[in-house]
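**Q** Would you be able to build a 3D model of this:
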Amino acid sequence: VNGDSTAYADVGPFQQFAMMLGELHDMKVVVYRWAEWQTDAPTGPKAYAEPVTLRAGNGPTLTVYLAALPGGTAAYMLAEQR
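**A** As a prediction, this is how the structure comes out:
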């Protein structure tokens, strides 16, 4: 998911949608958030943080990679390429 800063929050639309799918199909839901710590410069680990389990379930695992930054757009992670 490549979202804006509103997608980063725990109550963001993509986490909520993933949780709804998890409930519907009894899936485990895991999210990886982008770990960039300075949103207006090409610094940081350029990697995802450790996974966070949003929901435990008995079925398969739904894994969400969230390319969003708090306070910025996901395009900031491509700043070096602009």
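**Q** what secondary structure does the residue nearest the centre of the chain sit in?
**A** Geometric centre of the chain, nearest residue: residue 66, 2.3 Å, by C-alpha atoms, centre = their mean. When classified by DSSP: H, G, I helix; E, B strand; the rest coil, residue 66 comes out as strand.
**Q** Bridging across strands, which residues link to it?
**A** Beta-bridge partners recorded for residue 66 (DSSP bridges): residue 33.
**Q** Distance check, it against residue 28.
**A** Counting by C-beta to C-beta, to the nearest Å, the separation of residue 66 from residue 28 is 16 Å. Just so you know, the C-beta spots here come from the backbone N, C-alpha and C atoms, and that holds for glycine as well.
**Q** Verify the stated contact: residue 25 with residue 59.
**A** Yes: distance between residue 25 and residue 59: 5.6 Å, which falls inside the contact criterion (C-beta atoms under 8 Å).
**Q** more neighbours, those two?
**A** Under the criterion of other C-beta atoms under 10 Å, the comparison of residue 25 against residue 59 puts residue 25 first, with 13 against 10.
**Q** for that one, phi and psi?
**A** Dihedral pair for residue 25: phi -110, psi 10, per degrees, to the nearest 10.
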